[in-house]
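**Q** predicted structure and sequence below. I'll ask about it afterward.
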Amino acid sequence: MNHLKQIAAKLPEYGVDAMMLTSAPGEFYAVGFHGEGIALVAAGEAYYFTDSRYIEAAEKQVAGAAVAVTDRNRNYKAMVQEVIDRCGIKNLGFEEEYMSVAAFHDWKESLTAGLVPAQKLVNGLRAAKDQEEIARMVQAQEITDRAFDAILKFIRPGMTEKEIAAKLEYDMLRFGAQRMSFEPIVVTGANGSLPHGIPGDTVVEPGSFLTMDFGCVYGGYCSDMTRTIAVGEPTEEMKKVYHIVLEAQRAGIAAARAGVPGKSIDAAARKVIEDAGYGDYFGHGYGHSVGIEIHESPNANTREETIMPVGAAVSAEPGIYLPGRFGVRIEDVTILTADGCIDITKSPKELIIL
């Protein structure tokens, strides 16, 4: 899988003769290979440059681009300059969101072509997943759903957050994940009010909530899900908050479709929480795009004006967090269509009481 043709087709729109991708996500999106190297896409040709550690694998896996290896006398900058000279490149697009200031000045001083910020070229393409990308995300989510089913049979009062997080990671790997898409968030009791809490030695107590936010990578693409469950009978207030969050998520999913700005999706979910009197306890956005990276654009938050494209993979994760007491978050991943969305997360969302 690669997206060389799609990148090349967008070059005139952004006023560049070629696009240079130096980030790991950009490299993978362009040529479908995870290594350390540079992808260079011009109108009629494409190149992938890497070093001796990855050249053998790259020659087998990269299609549609000329593959070449660096050596002591010919570094990446020299190889890029050779293409600039051969193709007459005047304006070279680059990924400004991933390149440091020091690296930019180094590249600028080494090349004769002008460097043009063109992150939006790649971001715009990556925002709309094609069928092969979606298939990989569905597979990643199936692995994550299996891990959730397994963890429900494992959790017992007295276990620590770290024990549960370790089990989630182990299960996702044994079910076929390449790696985690992020370090699992597993928090219980008062720690549940920390949206990005770090699993520690806190023990799961009877009558407490346990929030698990986790995901994996399959075929280079991420899954992401959150479930909050009760270990023992929760209080009436805990049940009330849980069902408000669930209603908010359903409202957001109902509003999620291509052709609307992300803030409209956020507003539909946020209204449910605000109307219930918990607006001050929902501090983050409704969701974010997911793909090669766990956080991509466009987002579904209060500020996002970008119109969602068909094929956007957007998380649906409203939450309520009561400081020092407990928190609830429920998260699925949805694929946006022209008239709605497809929820690829299949784990149950009704409150589970173990």
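**A** That came through fine. Fair warning: this is a prediction, and the values are worked out from it, not measured in the lab.
**Q** buried residues in the lengthiest helix in the chain, which are they?
**A** Assignment by DSSP state H gives helix 131-152 as the longest helix of the chain. Within helix 131-152, the residues that qualify as buried are 133-134, 136-148, 150-151, counting by 16 or more other Cβ atoms under 10 Å. C-betas here are computed from N, CA, C, even on glycine.
**Q** same thing with stretch 203-214?
**A** Applying 16+ other Cβ under 10 Å to stretch 203-214 flags Val204, Ser208, Phe209, Leu210, Thr211, Met212, Asp213, Phe214 as buried.
**Q** which ones among these lie within strands?
**A** Ser208, Phe209, Leu210, Thr211, Met212, Asp213, Phe214 (DSSP state E).
**Q** how about these, which pair is most distant?
**A** The most widely separated members of those are Ser208 and Phe214, with 18.6 Å between them, by Cβ to Cβ.
**Q** ok, which stretches of the protein are helices?
**A** Using DSSP H, helices in the chain cover 4-10, 24-31, 55-61, 76-87, 101-110, 119-127, 131-152, 161-174, 236-255, 262-275.
**Q** give me whichever of the ones you listed is most buried.
**A** Burial of the helices of the chain is given as mean neighbour count (mean count of other Cβ atoms under 10 Å); helix 24-31 ranks first at a mean of 23.
**Q** counting by contacts, list what that one packs against.
**A** helix 4-10, strand 18-21, strand 37-42, strand 46-50, helix 119-127 (3 or more Cβ pairs under 8 Å, 6 or more residues apart in numbering; DSSP states H and E).
**Q** dump these into JSON lines; add distance to Asp339 and mean pLDDT as well.
**A** Converted to JSON lines, these look like this (distance: least, Cβ to Cβ, whole Å; pLDDT from 0 to 100):
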{"stretch": "helix 4-10", "distance to Asp339": "24", "mean pLDDT": "98"}
{"stretch": "strand 18-21", "distance to Asp339": "33", "mean pLDDT": "98"}
{"stretch": "strand 37-42", "distance to Asp339": "33", "mean pLDDT": "97"}
{"stretch": "strand 46-50", "distance to Asp339": "36", "mean pLDDT": "98"}
{"stretch": "helix 119-127", "distance to Asp339": "18", "mean pLDDT": "97"}
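**Q** tabulate those (a markdown table), appending distance to Arg257.
**A** Output for the helices and strands packed on helix 24-31, formatted as a markdown table (distance: least, Cβ to Cβ, whole Å):
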| stretch | distance to Arg257 |
| --- | --- |
| helix 4-10 | 23 |
| strand 18-21 | 30 |
| strand 37-42 | 31 |
| strand 46-50 | 34 |
| helix 119-127 | 14 |
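**Q** what sits up against the longest helix of the chain?
**A** For helix 131-152, contacts defined as Cβ atoms under 8 Å, 6 or more residues apart in numbering pick out 1, 129, 164, 167-168, 171-172, 175-177, 181, 212, 214-225, 227, 229, 290-291, 311, 313, 333, 335, 344-347, 352, 354.
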